[in-house]
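Asks: pasting the structure only:
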């Protein structure tokens, strides 16, 4: 027998599944109890609009998340808690599988629970449970793929490649950055004894399954000239220009995970690379380091790495548990108390900064607004729709059928559509992302209500420009709409024909 085999117990420890499921359900209920606050985020509003036009692809993301948003709308309607339910559920499931990864690595119940809680209290994981965005589902697919790799390496049953391939395929149908994790898995296979699986038909069956799942979106991209690559290049250039990719490694410590769990994931990396028990699982170390390096070199956003940490928490919890077992009772008890204290502190930090629990304009609200803009960008959408509705219905009745509402970004378009549709507003048009592909309607508009543009832009667009309203909200919250382009214009007499204008109006955001 090899050292890697003898260093590892032959029988799996008892499962803490009951505890894991209970904790995951508690987390799910906590999100459901708090996700009703504020309003939809601009990203959610654009997503909900895309969900009304199901397709095999969209400019800014693959189709899985819009399909799930459509399911949420069918089940729950435009309810904040209902729409966000699947995001919270995905994080809760990921929490359970993080604990199960610890079990597969030899962790007893304590290690399984610690691993699950460490993943759950990470700021990005908490944030992902508060809004329906593709990153919440992307997180789950990374965790499931990592779990599949651990099961594969422990059992040496190559059929686990089917689970891995399925998770990777769903990941590619959710967020294209899954390709970086795939690169990590390839490196983990090639650079470790797991390379023997290159001769296994099950590996190639898993790869084929992944491709079959992803193929519909590939076909859509071919039909649309790989527009998503153009979108991603544009967004990346913008991110680099405005400094959004700065501080990649620092943000790993504070947002992707938090300082309170830093020792645990570092211990996990040590486990994979330096311990006899972890030698069998060294591929997991490469599955972390390769995406980390690639994201850094490519100047990716810091939170792209967030889904890679659960597999480190699992290993770190196992190593920490074993270290405590070898100590005396007093030292072990102190270590466990310190662990619970660190997890509690991490949970408090993440809850205060990432959960929608602070009253608007309170001290807690002001604190979160200094850290991120997730909550400020959820304010004012019903009021925007009401303002636009007032402008539209004040027009002469004969003009309304020839009037269009042109929005500058997907948040404005989605918000006006969601809240303005019951008020009789026409479908909003926009040049942003997939909205541009839907066009400006069967007939060219003769009057336009222009939302989200400067006066200079309005005057380049039309000969007659009239200030018709202002974007405000009852809380006085300053966000993109109220700060950057709060004027709403009524425009007539366009300087270009609509086909000519629309051809050059494509925007990415």
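Replies: It's in. All of these numbers come straight from a predicted model, not from anything done at the bench.

Asks: identify the residue nearest the geometric centre of the chain.
Replies: Closest residue to the average C-alpha location of the chain: residue 135 at 1.5 Å, with CA atoms, centre = their mean.

Asks: quick one: contacts for residue 149?
Replies: 160, 164, 185, 188, 283, 284, 287 (CB atoms under 8 Å, 6 or more residues apart in numbering). (C-beta placed from N, C-alpha, C; glycine too.)

Asks: how much space separates the first one from residue 150?
Replies: Going back to what we said before, that points to residue 160. Counting by CB to CB, to the nearest Å, the separation of residue 160 from residue 150 is 9 Å.

Asks: show me which of the two is the more surrounded one.
Replies: Higher neighbour count among residue 160 and residue 150: residue 150, with 25 against 22, using other CB atoms under 10 Å.

Asks: pull out the buried residues from stretch 476-485.
Replies: 477, 479, 480, 481, 482, 485 (16 or more other CB atoms under 10 Å).

Asks: please apply the same query to stretch 258-274.
Replies: 258, 260, 261, 262, 264, 265, 267, 268, 269, 270, 271, 272.

Asks: equivalent analysis for stretch 483-493, please.
Replies: Buried residues in stretch 483-493 (16+ other CB under 10 Å): 485, 487, 488, 489, 490, 491.

Asks: so what's the first one up against?
Replies: This points to residue 485. For residue 485, the contact set (CB under 8 Å, 6+ apart) comprises 408, 452, 453, 454, 471.

Asks: how close does the last one sit to residue 395?
Replies: Plainly put, residue 471 is 19 Å away from residue 395 if you go by CB to CB.

Asks: which one of these two is surrounded by more residues?
Replies: residue 471 (22 against 15).

Asks: which residues are in contact with that one?
Replies: Residue 471 neighbours (CB under 8 Å, 6+ apart): 380, 383, 384, 387, 451, 481, 482, 485, 486, 487, 488.

Asks: and this structure, what are its domains?
Replies: 15-354, 379-503 (automatic domain parsing).

Asks: closest to residue 361 out of the ones you listed?
Replies: For residue 361, the closest of these is domain 379-503, at 6.0 Å, according to CB to CB.

Asks: what sits closest to residue 61 if chain neighbours are left out?
Replies: Closest residue in space to residue 61, ignoring its immediate chain neighbours: residue 134 at 5.2 Å, by CB to CB, 6 or more residues apart in numbering.

Asks: pull up the gap between the one you found and residue 178, please.
Replies: 10 Å.

Asks: cool, and residue 106?
Replies: Computed as CB to CB, the residue 106 to residue 178 distance reads 28 Å.

Asks: farthest pair within the contacts of residue 485?
Replies: Of all the pairs that these form, the one spanning the most space (CB to CB) is 454 and 471, at 12.7 Å.

Asks: wait, a strand at residue 465?
Replies: Yes. Counting by DSSP: H, G, I helix; E, B strand; the rest coil, residue 465 is found in a strand.

Asks: all strands for the chain, in order.
Replies: Assignment of strands within the chain using DSSP state E yields the ranges 403-407, 429-430, 447-451, 462-470, 487-494.
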